[in-house]
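Enquirer: have a look at this fold, sequence not included:
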C-alpha cells in the first residue's frame, strides 16, 4: 500500500482521489482549530447548514419526549426534540421511513449539517427520512441522547401511525452508536412500551467502544482525520475522558459502548427480542475500524440476527459524509438504499445475502466497484493487528 504525505504527521493512501485528499486535509485543519474546545465546536456547528438537492423537501418539526427509564440512570423527559422531515421525490409511493441519527462525538452535529447525506440516503431509499437533533453532551449526559432517539421511534409508531416493519433506524459515528443502542434498549423494553422492533438498522462507522481499547486507535492515527480530536479539559478529567458520561467506569455499559453488549438475546431474559437485520459500513483506515469489526464479529457469532459488514478499503471515518462525490461514497449510499428497500415491504425487492463480511477495493480512477468476500474472520483481523503492535 503506497502512501503520500498530506499534512505534517499525516498520510493519505495513494488510492485516494485528489478530491478526497483535499477534503480530509481541510477537515483536519478545521478540526485542529476547534480541538479541545467543546464550546467553540458547538457554536460553529450551529452555523453549519449543508445544502440539499432541489428534488428534496425539508420540513421542520418537533417531537415530544416520552417518559422513559433506565435502571441506575436519570434523564429529564420533559420538552420536545427538534427534528426535520426529509422528503425524497419518490417518497409518496413508499410507506418506508428512516429515523436518522447524526454523528458528532455526542457533542456536536445537527440534521442541518447532515442534509447532504440524509438527502442522498432518502433518495436512494426512495422514502421519507426523519432526522432528529438529540441532546448533546456535556450539557446533557447519558442517557439523554438515547432517550431522545427512543422517543423519536415511539413517535413514529404511536403518533405518526407508521408500522414498525416500515421503519429503519440509521446513523453515523456517535449516531451509529445511538442507532445500535436504541435497538438494544428497544429489544428489552419494546413489549413494555407496546411496540415491535424496527425493520432494520444501518450503522455507518459506529463509535461502539468509548474505552478506545482496540488497536486501530493507534494504527490508523496517521490516516484518519479523527486523530486531531483532543479532550476538552473544561469538561473532562482523569476520571472522565469523554463528556458523554460522568465517570469512566460507565464506559463499558452496553448502551454506552455497544461493543460490550451481549448480543445473544437468549442470555438476557425471556422478554428480550432479537435485533433486526443490520448493515454496518466501515473504512479500513478509520480509528474505529477494529472496534467495529469486534462488534460485528460478536454479533454474528452470538446471535441469529442478520448482519452485513461492508468494509471500504483505505477509507477514513464516515467517508459517505465528508467526501460525498467520491465514487466509494456513492457506492456506499447506493448500498444503504438497497438494504433499506430489502428489509422493508414497500419495494418488493429480493433480499440480498446477509450475515456476511465484504470488502470493496479502492482503485483510484475506477468508477465501478465490486464487493469481495473477506476470507478472514473480523475477530481474527483484530487479533492479528493487536499482535503487531
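Expert: Yep, it's here. Just so we're clear, the structure is a prediction, and the values are computed from it rather than from any experiment. Numbering: from 1, shown residues only.

Enquirer: which other helices and strands contact whichever helix or strand residue 86 is part of?
Expert: Per DSSP states H and E: residue 86 is located in strand 80-87. If you count contacts as 3 or more CB pairs under 8 Å, 6 or more residues apart in numbering; DSSP states H and E, strand 80-87 packs onto strand 57-64, helix 115-125, strand 128-133, helix 144-154. Placement of C-beta: from N, CA and C, glycine included.

Enquirer: now stretch 43-56: mean pLDDT?
Expert: Confidence for stretch 43-56, expressed as mean pLDDT, is 80.

Enquirer: what of stretch 242-249?
Expert: Across stretch 242-249, pLDDT averages out at 94.

Enquirer: got it, and stretch 132-149?
Expert: What stretch 132-149 shows for mean pLDDT is 97.

Enquirer: mind listing what's buried along that stretch?
Expert: 132-138, 140-149 (16 or more other CB atoms under 10 Å).

Enquirer: what strands line up against the following helix or strand past the strand holding residue 86, and which way round?
Expert: Using DSSP H and E, the helix or strand that follows strand 80-87 towards the C-terminus is strand 97-101. Strand 97-101 has the following sheet partners, assigned by DSSP bridges: strand 128-133 (parallel), strand 167-172 (parallel).

Enquirer: got CSV for the helices and strands packed on strand 80-87, with distance to residue 324 too?
Expert: Shown next, in CSV, are those (distance: least, CB to CB, whole Å):
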stretch, distance to residue 324
strand 57-64, 17
helix 115-125, 6
strand 128-133, 16
helix 144-154, 24
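
Enquirer: tell me which of the ones you listed lies nearest to residue 171.
Expert: helix 144-154 (8.3 Å; CB to CB).

Enquirer: what helices or strands is that closest one leaning on?
Expert: So helix 144-154, by 3+ CB pairs under 8 Å, 6+ apart, packs with strand 57-64, strand 80-87, strand 97-101, strand 128-133, strand 167-172, helix 174-193.

Enquirer: averaged pLDDT, the longest one. What do you get?
Expert: Translated: helix 174-193. 96.

Enquirer: and the angle for that helix with strand 128-133?
Expert: Relative orientation of helix 174-193 versus strand 128-133 (axes from the mean of the first three to the mean of the last three CA atoms, to 10 degrees): 100 degrees.

Enquirer: going forward can the numbers begin at 44, since that is how I track them
Expert: All right, first residue 44 from here; so that's helix 217-236.

Enquirer: list the buried residues in helix 217-236.
Expert: 217-233, 236.

Enquirer: burial of the residue nearest to residue 133 when sequence neighbours are not counted, as a residue count?
Expert: With CB to CB, 6 or more residues apart in numbering as the criterion, residue 133 has its nearest non-adjacent residue at 4.3 Å, and that residue is residue 169. A count of nearby residues for residue 169, using other CB atoms under 10 Å, gives 19.

Enquirer: one more: the one 5 residues further on?
Expert: Per other CB under 10 Å, the neighbour tally for residue 174 reads 29.

Enquirer: now do the contacts for the nearest residue to it once chain neighbours are set aside.
Expert: Distance criterion CB to CB, 6+ apart; nearest residue to residue 174, sequence neighbours excluded, is residue 154 at 3.6 Å. Shown in contact with residue 154 (CB atoms under 8 Å, 6 or more residues apart in numbering): 125-127, 143, 145, 161, 174-176.

Enquirer: roughly how far does residue 154 sit from residue 401?
Expert: Distance, residue 154 to residue 401, by CB to CB, to the nearest Å: 30 Å.

Enquirer: what do you get for residue 173?
Expert: For residue 173 relative to residue 401 (CB to CB), the value is 29 Å.

Enquirer: now do residue 183
Expert: Counting by CB to CB, the gap from residue 183 to residue 401 is 37 Å.

Enquirer: repeat that for residue 192.
Expert: From residue 192 across to residue 401, the span is 28 Å (CB to CB).

Enquirer: again, but for residue 423
Expert: 16 Å.

Enquirer: residue 85 now?
Expert: Applying CB to CB to residue 85 and residue 401 gives a distance of 37 Å.

Enquirer: what is the neighbour count of residue 200?
Expert: 19.

Enquirer: how close does it get to residue 119?
Expert: Using CB to CB, residue 200 is found at 22 Å from residue 119.

Enquirer: what of residue 173?
Expert: Distance, residue 173 to residue 119, by CB to CB: 22 Å.

Enquirer: can you list the low-confidence ranges for this protein?
Expert: Within the chain, the set of residues satisfying pLDDT under 70 comprises 44-53, 136, 308-314, 389-398, 405-412, 418.

Enquirer: one step back: possible to save the helices and strands packed on helix 187-197 as JSON lines with distance to residue 291?
Expert: Formatted as JSON lines, the helices and strands packed on helix 187-197 follow (distance: least, CB to CB, whole Å):
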{"stretch": "strand 100-107", "distance to residue 291": "32"}
{"stretch": "strand 123-130", "distance to residue 291": "28"}
{"stretch": "strand 140-144", "distance to residue 291": "24"}
{"stretch": "strand 171-176", "distance to residue 291": "27"}
{"stretch": "strand 210-215", "distance to residue 291": "24"}
{"stretch": "helix 217-236", "distance to residue 291": "17"}
